[in-house]
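Fold the following.
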Amino acid sequence: WTDANLHENQLAWLESQLDQAAAASQRVIIFIHYRLDGGPDGPVGKGLGPPLPNPNHRSWIDNCTLRNAQRLRTILETRHPGIVWAVFSGHDHTPNPPWTQLFHDSPIYYTHAAMVEGSYPQNNAYSTVSIDEGCGLEIHGYANATSVRLAGPPNCTFVASPVIKAFIN
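Residues are numbered from 1 along each chain as shown. Take a look at the predicted model:
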């Protein structure tokens, strides 16, 4: 678990998916196991998100980060700027800080707390995510998961797809 990378074939597939989403004027939310905001030049603790509580914690975050995260962040942030709305990850059982965002139009990197850190219910975690009409995210954390309300990207309007509308109704 200390040398996780995404293969070039996976990165190429992701680029093609982002191209298709951009062509269809869609926004994208990414789910991945490993953190993406640490590692060399990682934005954790910078920008709009909470600061690092302790500079020594940075080495732990880097160990919980995908090894080629910088390459993946470059794809997510520059292939079609503004298309990737949020990135949800895990792997870091006690994420601190739990989220990172450099600018209002850059992706939100949110790291969820572990679900298996001890006896239930004190040491459990799960969250629900709501999206408002302005593309804002409300993450409601339960037990030891972090709750946060994050503004959506500029000029964004969320319109639920027919599948989501059917599920909501």
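
so where's the protein uncertain?
Along the chain, the model assigns pLDDT under 70 to residues 1-2, 92-97, 115-118, 120-123, 160-169.

Would you map the strands across it?
28-31, 84-89, 99-100, 108-111, 125-131, 137-143, 148-150 (DSSP state E).

looking at those strands, which is buried most?
Comparing those by mean neighbour count (mean count of other Cβ atoms under 10 Å), strand 108-111 ranks first with a mean of 26. (Each C-beta comes from the backbone N, C-alpha and C, glycine too.)

how close does residue 114 get to residue 134?
In this view, residue 114 and residue 134 are 31 Å apart by Cβ to Cβ, to the nearest Å.

Pull the contacting residues for the spatially most central residue of the chain.
By Cα atoms, centre = their mean, the chain has its centre lying nearest to residue 87, at 2.2 Å. Counting by Cβ atoms under 8 Å, 6 or more residues apart in numbering, residue 87 touches 29, 30, 31, 32, 36, 76, 107, 108, 109, 110.

residues touching the closest residue to it other than its chain neighbours, list them.
Closest residue in space to residue 87, ignoring its immediate chain neighbours: residue 30 at 4.4 Å, by Cβ to Cβ, 6 or more residues apart in numbering. Going by Cβ under 8 Å, 6+ apart, residue 30 touches 76, 84, 86, 87, 88, 107.

next one: residue 146
95, 98, 99, 113, 139.

Could you dump those residues into CSV and include distance to residue 127?
Output for the contacts of residue 146, formatted as CSV (distance: Cβ to Cβ, whole Å):
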residue, distance to residue 127
95, 12
98, 10
99, 12
113, 9
139, 5
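
can you map out the helices along the protein?
Along the chain, counting by DSSP state H, helices occupy 8-23, 58-63, 69-78, 162-168.

For the shortest one, give me every contacting residue.
If I follow you right, that is helix 58-63. 2, 35, 37, 38, 39, 42, 44, 45, 52, 92.
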